[in-house]
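Trainee: please work out how this folds:
(one chain, ligands or ions: 1)
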Amino acid sequence: MSSSDFSTLTLRVELPAAIDSLDYESMTPIQAQSLPVMLAGSDVLAQANTGSGKTAAFAIAMLNKLEEHRYQTQGIVICPTRELADQVADEIRRLARTIANVKVLTLCGGKPFGPQLASLQRAPHIVVGTPGRLLKHLEKESLALTNIETLVLDEADRMLDMGFSEDISKIISFIPDRRQTLLFSATYPDEIEYISKSIQLNPVTIKVDSDFSANQITQIFYKAPKPDRVQILIQVLKFYQPESALVFCNTIEQCEVLVGELIKRDVHALALHGDLEQFNRDQVLVRFSNRSTSVLVATDVAARGLDIKELDAVVNFEITRDPEVHVHRIGRTGRAGSEGLAISLYGAEETSRLNAIEHYLGATVNKKDPSELRSVVKESMLPKMVTLFIGAGRKDKLRAGDVLGALTSSSELTGANIGKINLFDKFSYVAVDRQSADRALEILSDGKIKGRSFRIKRLR
Ligand code: AMP
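Mentor: Numbering: from 1, shown residues only. Okay, the predicted model is just below:
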């Protein structure tokens, strides 16, 4: 039995079965280091990236001491964004599914208030939310935190960057001092130290060597002068042919410009940045995660908390001034044991940034000449899937099975032609493989979903 084996932990009986069902064979480094300490009840200050397995770490610690027969809110996780809150809540629910009746509620901004009030009629065991909305519920007394045992701040650095520190302090003033406080942060600026001192009691500091993810990532830098950079990016995409690539730009404007340039050159790309409306943001995320868009161009802020599995490549269209941000960016590929590729494009004027990264990593990075990218045959850059939009969702009692059933009813299409189905309240998306897309559109447009006719559209 190795020290990273989950069976080395003393857990309540239900949890090992849940962990098994998720196929988590052994603990990730952050789990191996933090879980024994958290289970013993200590406060923890952990430096960990998305992809390190941090969510399962605090979720297990929180669930292990949950008294599910007590209908009081015992755990709270504060997150910077709605996406992260949704992912955290999902992971907690997955780990809680072997414990009867655990209620996990997300309370995030950008969502209607009324349904949240209704859900709070019976106190959830665990709430996961964003600062502004949590505070609003506390001020309206629709949420009570007087019985909190565990407080988690997730991506604390990000929340500070977003200016949430005052809201967080106010939220914490509603929570009893006698509690366990777990603070997770990808980077470790002075303010984190300061906030830790003000809200934690003798925390155990845990730092996971960034080598854990870095050693599964091939990192290559290509010299790419600004005027040639779009062309070099396309060569990179054609050479490595990642099925999903996240391309980072430093500004929203650059994201927009780059997406325009890529589309002009027949590369299917979408932009993800803070200026998008929620509807568009959700749609972009759906299209990227269901593999109907292979290139997502994002800012750091927008990409935070993005949990896309099997991200083949991260490309820095511009390298960042902050080496920690660089390491965080490239840590998104090569997750959960799979190999990743991180490509960075830089110009002569960015040499000092490159030097800063090398200094930070304590190693020289692999630099190659873009001329090496030329030899590859021209492959089609079209993604393998296509997304169809359906103008009906959960509120119309639509289920994924209804969409799948409609598409496969004539047996012209099988489950193998159909990818992810994402349901929202008022609309849904289904991914189908490119060859079947026209037929799938016809089938759905013929009004075969539950015998009803909904608006169907192919997204370009
Ligand atoms: P996180 O760092 O919490 O965003 O987790 C990254 C991904 O790793 C999530 O998709 C988890 O479901 C997954 N994960 C967490 N713990 C383990 C583990 N012990 N073994 C394999 N995958 C894990």
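
Trainee: drop to CA atoms for contacts and neighbour counts, all remaining ones
Mentor: Noted.

Trainee: so for the strand or helix carrying Val327, mean pLDDT?
Mentor: Val327 belongs to helix 323-330 when assigned by DSSP states H and E. Per-residue pLDDT values over helix 323-330 give a mean of 88.

Trainee: what lies in contact with it?
Mentor: Residues from elsewhere that reach helix 323-330 (C-alpha atoms under 8 Å, 6 or more residues apart in numbering): 49, 186-187, 210, 214, 217, 248, 300, 314, 319-320, 342, 353, 356-357, 360.

Trainee: swap in 6 Å and give it another go.
Mentor: For helix 323-330, the external contacting residues (C-alpha atoms under 6 Å, 6 or more residues apart in numbering) are 314, 342, 357.

Trainee: pipe the residues you listed into CSV and attach neighbour count and pLDDT per row.
Mentor: As requested, the contacts of helix 323-330 are exported to CSV (neighbours: other C-alpha atoms under 10 Å; pLDDT from 0 to 100):
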residue, neighbour count, pLDDT
Val314, 28, 95
Ala342, 25, 94
Ile357, 23, 91
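
Trainee: buried set for the strand or helix carrying Ile195?
Mentor: Element membership of Ile195 [criterion: DSSP H and E] is helix 190-199. Neighbour-count burial for helix 190-199, counted by 16 or more other C-alpha atoms under 10 Å, picks out 192, 196, 199.

Trainee: following element in sequence after it, please.
Mentor: Immediately after helix 190-199, counting by DSSP H and E, sits strand 204-207.

Trainee: counting by contacts, list what that following strand packs against.
Mentor: Under the contact criterion of 3 or more C-alpha pairs under 6 Å, 6 or more residues apart in numbering; DSSP states H and E, strand 204-207 touches strand 44-47.

Trainee: and the strand it packs on, what does it pack against?
Mentor: If you count contacts as 3+ C-alpha pairs under 6 Å, 6+ apart, strand 44-47 packs onto strand 180-185, strand 204-207.

Trainee: is the ligand within reach of the helix or strand following it?
Mentor: Counting by DSSP H and E, the next helix or strand C-terminal to strand 44-47 is helix 54-64. Yes - using C-alpha under 6 Å from any ligand atom, helix 54-64 reaches the ligand at 54-56.

Trainee: could you pull out the helices for the stretch 1-150 of the chain?
Mentor: Under the criterion DSSP state H, counting those that start in this stretch, the stretch 1-150 of the chain contains helices at 14-21, 29-39, 54-64, 82-96, 113-119, 131-139.

Trainee: please identify the most buried of those helices.
Mentor: Most buried of these by mean neighbour count (mean count of other C-alpha atoms under 10 Å) is helix 54-64; its value is a mean of 23.

Trainee: show me the domain layout of this protein.
Mentor: 6-207, 217-372, 385-458 (automatic domain parsing).

Trainee: buried stuff in stretch 232-250?
Mentor: Of the residues in stretch 232-250, those buried (16+ other C-alpha under 10 Å) are 232-239, 241-250.

Trainee: can you pull the pLDDT of the residue of the chain positioned farthest from its centre?
Mentor: Centroid-distance maximum for the chain: Ser410 at 36.5 Å, with C-alpha atoms, centre = their mean. pLDDT for Ser410: 82.

Trainee: distance of it relative to the ligand?
Mentor: 35 Å (C-alpha to the nearest ligand atom, to the nearest Å).

Trainee: which SS state does that residue fall under?
Mentor: coil (DSSP: H, G, I helix; E, B strand; the rest coil).

Trainee: and the average pLDDT for stretch 438-449 is what?
Mentor: 89.

Trainee: just tell me which of the helices and strands packed on strand 44-47 ends up closest to Leu153.
Mentor: Counting by C-alpha to C-alpha, Leu153 lies closest to strand 180-185 out of the helices and strands packed on strand 44-47; the figure is 4.9 Å.

Trainee: for the closest one, the distance to its chain's centre please.
Mentor: 19 Å (C-alpha atoms, centre = their mean, to the nearest Å).

Trainee: next one: stretch 419-439
Mentor: The answer for stretch 419-439 is 21 Å, by C-alpha atoms, centre = their mean.

Trainee: around the ligand, which positions in the stretch 1-150 of the chain sit nearby?
Mentor: 24-28, 50-56.

Trainee: how does it look with 5 Å?
Mentor: Neighbours of the ligand within the stretch 1-150 of the chain, by C-alpha under 5 Å from any ligand atom: 24, 27-28, 50-55.

Trainee: in strands only, show me the contacts of helix 323-330.
Mentor: Of those, the ones assigned to strands by DSSP state E are 314, 342.

Trainee: ok, back up a step: the helix holding Val327 near the ligand at all?
Mentor: No - residues of helix 323-330 are not located near the ligand by C-alpha under 5 Å from any ligand atom, the shortest gap being 11.9 Å.

Trainee: hmm, back to that, make JSON lines out of the residues of helix 54-64 next to the ligand and add distance to Lys457 and pLDDT.
Mentor: Listed next are the residues of helix 54-64 next to the ligand as JSON lines, based on distance: C-alpha to C-alpha, whole Å; pLDDT from 0 to 100:
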{"residue": "Lys54", "distance to Lys457": "38", "pLDDT": "94"}
{"residue": "Thr55", "distance to Lys457": "36", "pLDDT": "95"}
{"residue": "Ala56", "distance to Lys457": "38", "pLDDT": "97"}
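
Trainee: out of the helices and strands packed on strand 44-47, flag the one nearest the ligand.
Mentor: strand 180-185 (10.5 Å; C-alpha to the nearest ligand atom).

Trainee: and the angle for that closest one with helix 54-64?
Mentor: Strand 180-185 and helix 54-64 are oriented at 170 degrees to each other (axes from the mean of the first three to the mean of the last three C-alpha atoms, to 10 degrees).

Trainee: quick one: contacts of strand 180-185?
Mentor: 43-48, 150-157, 200.

Trainee: at 8 Å what do you get?
Mentor: So strand 180-185 is contacted by 41-49, 54, 58, 149-158, 192, 196, 199-200 (C-alpha under 8 Å, 6+ apart).

Trainee: of all pairs in the residues of the stretch 1-150 of the chain next to the ligand, which one is the farthest apart?
Mentor: For those, the farthest-apart pair by C-alpha to C-alpha is Tyr24 and Thr50; their separation is 16.5 Å.

Trainee: more neighbours: which of the two?
Mentor: Neighbours were counted for Tyr24 and for Thr50 using other C-alpha atoms under 10 Å; Thr50 has more, 21 against 15.

Trainee: stretch 293-310 and the ligand, any residue contact?
Mentor: No - figure legend: stretch 293-310 not in contact with the ligand (C-alpha under 5 Å from any ligand atom); closest approach 6.4 Å.

Trainee: which residues are contacting that stretch?
Mentor: 50-51, 81, 83-84, 87, 242-252, 255, 258-259, 267-274, 287-289, 329, 333-335, 338, 383, 385.

Trainee: any idea how far the closest residue to Ser244 other than its chain neighbours lies from the ligand?
Mentor: The shortest distance from Ser244 to any non-neighbouring residue, by C-alpha to C-alpha, 6 or more residues apart in numbering, is to Ser294 (4.5 Å). To the ligand, Ser294 is 20 Å away according to C-alpha to the nearest ligand atom.

Trainee: same check, this time on Val314
Mentor: 16 Å.

Trainee: next, the contact list for that residue, please.
Mentor: With C-alpha under 8 Å, 6+ apart, Val314 has these contacts: 245-248, 329-330, 332-333, 341-343.
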